[in-house]
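**Q** Kindly return the folded structure for what I paste below:
(3 chains)
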Amino acid sequence: MPEGHTLHRLAGQLNDSFAGRRVRVSSPQGRFAASAAVLDDTTMITTTAHGKQLFCGFTDDRVLHVHLGLIGSFDVGPPAPVRGEVRVRLATEAAVADLRGPQLCAIRTPAEVAAVVATLGPDPLRADADPELAWARLHRSGRPVAALLMDQSVLSGVGNVYRAEVLFRNRIDPHRPGNELTRRSWRAIWGDLVELMPIGVRDGRIDTVRPEHTPEAMGRPPRVDDHGGEVYVYRRAGEACLVCGSRIRTEVLAGRNLFWCGRCQRRG
DNA sequence: CGAGCATGGTGAC
DNA sequence: TCACCCTGCTCGA
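**A** Purely as a prediction, here's the structure:
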């Protein structure tokens, strides 16, 4: 589930259901019980996201800091019985939010939150983002651009799906070192993320395929994949590229499965 | 039933 | 670079 769009969407959902309200906070699973008791029956002020970090601000300067990691989920919905391993449950009379499998879940002070945010690169989903900060680091690095895009201290919120898709859409070779990337390419990448990621927030899935390459336009079956969206290369290894027809390639880069088209993606 | 996998990140070597 | 953490789901025995 979780790249930056998931967290920003979640911030919106949590605000809709809990901001300005007294919230019951519990830990059905027990692993967060002591901290849950501290927050219980206090008021959520507002929840924000920065990259993949989620910050739920409560009264008395207490911030619930959540990072979903690879397998975490935070499901907001109407009241329902607890199911599975629920680390934290937020609840009102009208809504429940269940946090499962987070990589990180802790109460922070505002100063601690600021320190975390200070380590993060600009987030394409935030209005205060300055892409020059990312460029400054990126164009001085010899690491492959596909690794740099995943580095949350370079820019934040991009994960394995967006990195593969944004590089494909801009025809950039994932292996190109950051210091060989043109400024023009970087501006194209950033602009594309600013365009694509809000769509992900709105729809709760990652769609990157342009109108001329959609299943309807190409007479191909819609993608059937648990990640949901229509994409060009992510998890399409061995399939025909939607643009040129050559086989989508895959390899492990920066510890994650990278997907790309060796014919379409030659730019630097 | 166990193994393997997943849109992430850390800490040890 | 690797092991490992968190959870749930799918697949094959």
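
**Q** what about residue A:227, how many neighbours?
**A** Residue A:227: 12 surrounding residues under other CB atoms under 10 Å. For glycine as for every other residue, the C-beta is placed from the backbone atoms N, C-alpha and C.

**Q** Surely it is within a strand?
**A** No: using DSSP: H, G, I helix; E, B strand; the rest coil, the assignment for residue A:227 is coil, not a strand.

**Q** For it, which residues are in contact?
**A** A:161, A:205, A:206, A:234, A:235 (CB atoms under 8 Å, 6 or more residues apart in numbering).

**Q** from those, which are also near DNA strand B?
**A** Residues of the contacts of residue A:227 in contact with DNA strand B (CB under 7 Å from any atom of the strand): A:161, A:206, A:235.

**Q** Buried only: go through these for me.
**A** Buried subset of those (neighbour count, 16 or more other CB atoms under 10 Å): A:161, A:206, A:235.

**Q** now the strands: where do they sit in the stretch 51-200 of chain A?
**A** A:53-58, A:62-67, A:73-77, A:88-91, A:96-100, A:104-108 (DSSP state E, counting those that start in this stretch).

**Q** between the ones you listed, which one is nearest to DNA strand B?
**A** For the strands of the stretch 51-200 of chain A, proximity to DNA strand B was assessed by CB to the nearest atom of the strand; strand A:62-67 is nearest, at 6.0 Å.

**Q** If you average the pLDDT over that closest one, what comes out?
**A** In this model, strand A:62-67 has an average pLDDT of 98.

**Q** Name every strand pairing with that strand and say which way it goes.
**A** Here strand A:62-67 has these sheet partners by DSSP bridges: strand A:53-58 (antiparallel), strand A:104-108 (antiparallel).

**Q** quick one: it near DNA strand B?
**A** Yes: using CB under 7 Å from any atom of the strand, strand A:62-67 reaches DNA strand B at residue A:67.

**Q** Only C-alpha atoms, please: export that strand in PDB.
**A** What follows is strand A:62-67, C-alpha atoms only, in PDB (Å, rounded to 0.1, in the frame of the first residue of the first chain):
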ATOM      1  CA  ARG A  62       1.700  15.000  21.800                       C
ATOM      2  CA  VAL A  63       2.100  13.700  18.300                       C
ATOM      3  CA  LEU A  64       1.400  10.100  17.200                       C
ATOM      4  CA  HIS A  65       4.200   9.300  14.700                       C
ATOM      5  CA  VAL A  66       3.400   6.500  12.300                       C
ATOM      6  CA  HIS A  67       5.400   4.900   9.500                       C
END
